[in-house]
Structures are given as structure tokens and as C-alpha cells.
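> 3D, please:
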Amino acid sequence: MRSTPLLFALLALAAGAPSAFAQGDAGRGAELFQLCVQCHGEDGGGDPVSLAPAIAGMDEWYVKAQLGKFRSGARGAHPDDVAGMRMRPMSLSLRDDEQVAAVAAYVASLPRVVPAATLHGGDAARGQALYAPCAACHGPDAAGIQPLNGAPLRASSDWYLFRQMQNFRAGVRGTNPKDASGALMRPMSMTLADEQQILDVIAYIHTLSGPASD
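Model prediction:
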């Protein structure tokens with residue numbers, strides 16, 4: 001994750017990304033979010049049984065970006081992405097960009113929920129060293145870096161992070177030509193040698209989540 005050419009590619013991608021995102025109507029978003037409650041919960045805390053990650057308090061720009069990917073087919077179109085294929089029709093239930101923005105604004109307004117750890121066997125100390133290259137895009141605190149399209153990772157469901165890393169490595173994510181940022185993430189996922197190293201990185205990220213009141 002330390003490659004100079006890759007960093008230049010990320011900067012080039014960021015240069016072509018919108019520098020500002022229209023503010024959504026969180027009040028309207030609260031109404032639209034009721035359709036999301038069945039999987040993500042009233043508090044946005046997620047439900048692993050429904051394959052729905054915690055999303056409460058997630059950055060508005062990132063929620064909008066991912067909803068856009070689902071709506072365009074950049075995510076949720078691969079036959080092995082069960083969760084994504086569930087999410088895509090839900091995203092299409094939002095009529096237009098205004099409704100997408102409203103839901104994103106509401107999700108961002110929810111108090112952040114730090115999901116309980118469900119994975120075991122990860123070594124956070126080893127994970128800290130393995131995470132160091134990731135900080136270039138995701139930030140040293142794993143809070144994400146918008147100009148580089150680096151996703152916020154802290155306070156994410158650990159099982160979800162593990163599944164998405166597996167998806168990137170298997171080509172379930174990051175191979176769709178519409179998903180430019182995913183295409184950059186896929187080779188980065190392969191720098192982790194095995195599932196143990198993935199668990200180690202996630203264990204470290206979990207230490208960065210902090211209290212839910214952050």
C-alpha cells in the first residue's frame with residue numbers, strides 16, 4: 001500500500017472527483033431511512049444476520065458515494081456479492097440524487113455506534129504495522145480521507161471489513177470498470193498475505209474506534 005505510482009494514481013483520481021457535495025435534507029432522509037431500518041436498524045447499528053454493516057454517523061460523502069455505486073451497478077452486480085445484490089435494489093428505491101443526499105445526511109447525523117467485536121484471533125500490535133501503508137488513504141486514525149476517496153474504517157463492523165477484504169481479493173469487488181476507487185483497492189488487499197494478516201489489521205482498526213460518543 002506504499003507504492004509511489006499508486007499514490008500518484010490516487011491523487012489523479014481525487015483530482016477528477018467533485019470537491020464539494022450538496023447538503024441533503026436530514027429530515028426528509030429520516031423518512032426515507034425507514035426502508036433501511038429492516039436491515040441496518042433504527043440506530044444504524046447494523047445486523048450481521050442481515051449482512052448489514054453499522055452505518056450510523058458515517059461520513060455523508062461516503063454514504064452518497066456508495067449509494068451511487070450501488071445505483072449505477074458499480075457495486076452489487078457481482079453474483080457472488082450476496083449482500084451487495086440485496087443492497088442494490090434498495091438503493092434504486094431512492095428516486096433521485098436529492099433523495100440519496102437526504103438519506104446520506106440523515107445517516108451522518110445519527111450518533112456513531114461502535115459495533116461489538118465478533119472476530120477473534122487478530123493481533124492488534126501486528127496489525128498496527130500492517131496498517132501503516134493504509135493510512136495514506138484511510139488516515140492514521142482510520143477516519144477516511146475524502147479527497148483520496150479513502151473510506152472511513154473506524155467504527156465499522158469487523159465482520160464487514162473482513163468480508164469486503166475477501167471480496168476485493170477474490171475480485172468480487174474492484175473489478176467492475178465503473179468502480180475506479182475499488183480498482184485501486186483490490187491490489188492493496190492483496191498485499192496482506194493471508195486471512196491472519198487481515199484479522200490483525202482489523203483488530204488494530206477496532207482499537208481506533210474509541211467510545212461511541214466521539
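> only C-alpha atoms for contact and neighbour calcs from this point on.
Fine.
> how about the helices of the chain, start to end?
4-15, 26-32, 37-40, 60-72, 82-92, 97-109, 124-131, 135-138, 158-170, 180-189, 195-207 (DSSP state H).
> which of those helices sits most buried?
Using mean count of other C-alpha atoms under 10 Å, the stretch among these with the largest mean neighbour count is helix 97-109, at a mean of 23.
> so it versus helix 60-72, what angle?
140 degrees (axes from the mean of the first three to the mean of the last three C-alpha atoms, to 10 degrees).
> Can you give the contact residues for helix 97-109?
With contacts defined as C-alpha atoms under 8 Å, 6 or more residues apart in numbering, helix 97-109 is touched by 22-30, 32-33, 44, 55-61, 63-64, 67, 94.
> Out of the helices of the chain, flag the one nearest residue 150.
For residue 150, the closest of the helices of the chain is helix 135-138, at 4.8 Å, according to C-alpha to C-alpha.
> Least confident of the helices of the chain, on average?
Mean pLDDT per stretch puts helix 4-15 lowest among these, at a mean of 40.
> Nearest residue to the residue nearest the centre of the chain in space, please, no chain neighbours.
With distances taken as C-alpha atoms, centre = their mean, residue 151 lies nearest the centre of the chain, 5.3 Å away. Leaving aside its sequence neighbours, residue 151 sits nearest to residue 144 (C-alpha to C-alpha, 6 or more residues apart in numbering; 4.8 Å).
> The one you found: what's it in contact with?
Per C-alpha under 8 Å, 6+ apart, neighbours of residue 144: 137, 138, 150, 151, 152, 153.
> What are the phi and psi values at the closest residue to the last one other than its chain neighbours?
It stands for residue 153. Nearest non-adjacent residue to residue 153, counting by C-alpha to C-alpha, 6+ apart: residue 142, 5.2 Å away. Main-chain dihedrals, residue 142, degrees, to the nearest 10: phi 60, psi 20.
> And residue 142, how far from residue 151?
Distance from residue 142 to residue 151, counting by C-alpha to C-alpha, to the nearest Å: 8 Å.
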